[in-house]
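>>> need the 3D shape of this:
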Amino acid sequence: MIFQSILLLLTLSAIPLAALPSVENGHYKVGVLAYKGKADAIDRWKEHGHYLSKQLAPLQFEIVPLSYQGNEMTRAVVERKVDFIITNPGHYTELELEGHVSRLATRRMISEEGVIDQFGGVAITLPRRTEINAYSGFAGKHIVIPSKSSLGGWQVHLREAITQGVDLREVASVTELKNHRKVVQAILRGEADAGFVRSDLIEGMVKKGELQFNQVRVVNPVKQGSYPYLLSTRLYPEWPFAMVGEIPHKIAVKVLHTLIEMPHNEEAAIVAGIAGWTIPGNYSTVVDLFQEAGLGPSDFKV
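Okay, here's the model as predicted:
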């Protein structure tokens, strides 16, 4: 408990002290990346808005689903149409490197093996495509992905492919479908040679009766410790909850404290399918990925 308190204080001290437009009885918008569609994002995160509004009254928090389509999340952040965001680590890192956001907390996920705070990506193809066994085998192939802004659906796969000697941006045909489920559906219909999605999606679709395990095959399967889901890549920190621009210090502290104190059995956590929030993870692994793959702002690429 003492160690966690020290880490919490260090996190708070890293938050900018500037207090600009918002006021203490203000209305705050929380942009959420709708990688499974906007309806899913609303269902999953609306209770977070209610929880924050209740705990921090008279402050009000509104959940705003933002899709990959038209770079909605990026535009909302750059144009300051949202005050906080919940998004994937790759997208967050790009926005952080451009000076738009600062992380407050990292979500903790519930799995059959316990609480986890990391994820990766899984590459899939049809079972009959036995000639595709590794990322190096994607050369000359048609690949479907949710978005090039997706960490689990593109960026982690790109890094693994480069490690295996192929740059998919140069040797493969890549189509963005703007939704992870649509990637799986496209593979089932035989519309592409392979697809990339975030780890845990396959299990989630199977659990909901949308897919059977024997309908797809994992390419480049790997095992990372006790991680419980199908996986093709390295693991990275889970999604962050971040503030946009220079939110007043007092407000940022209140939001951070409220998130970290959220009980695992709170309705907001249950509906979101998470175990709660913890202090920010180490996103330097994502920065390493960006450097190796030449991603991020133009002045950051090496």
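>>> element containing the nearest residue to Phe61 once chain neighbours are set aside, please.
Leaving aside its sequence neighbours, Phe61 sits nearest to Leu52 (Cβ to Cβ, 6 or more residues apart in numbering; 4.0 Å). Yep, even glycine has a C-beta here, placed from its N, CA and C like the rest. Taking DSSP states H and E as the definition, Leu52 sits inside helix 38-55.
>>> any regions of this protein where pLDDT drops low?
Applying pLDDT under 70 to the chain picks out residues 1-25, 298-302.
>>> tell me the centre residue of it?
Geometric centre of the chain, nearest residue: Asn88, 2.0 Å, by Cα atoms, centre = their mean.
>>> that residue is in contact with Ser150, isn't it?
Yes. Using Cβ atoms under 8 Å, Asn88 makes contact with Ser150 at a distance of 6.1 Å.
>>> in the longest strand along the chain, which residues are buried?
In the chain, with assignment by DSSP state E, the single longest strand is strand 101-111. Neighbour-count burial for strand 101-111 flags 101-110 (criterion: 16 or more other Cβ atoms under 10 Å).
>>> then stretch 74-83?
Those would be 74, 76-77, 82-83, for stretch 74-83 by 16+ other Cβ under 10 Å.
>>> still on that earlier bit, so what strands line up beside the longest strand of the chain?
Applying DSSP bridges, strand 101-111 is found paired with strand 114-116 (antiparallel), strand 240-244 (antiparallel), strand 274-278 (antiparallel).
>>> most tightly surrounded among the ones you listed?
strand 240-244 (a mean of 24; mean count of other Cβ atoms under 10 Å).
>>> list of residues touching it?
15, 31, 77, 80, 82-87, 89, 92, 95-96, 100-107, 252, 255, 259, 277, 280-281, 283 (Cβ atoms under 8 Å, 6 or more residues apart in numbering).
>>> how about 7 Å then?
Strand 240-244 is contacted by residues 77, 80, 82-86, 89, 92, 100-106, 252, 259, 277, 280 when judged by Cβ atoms under 7 Å, 6 or more residues apart in numbering.
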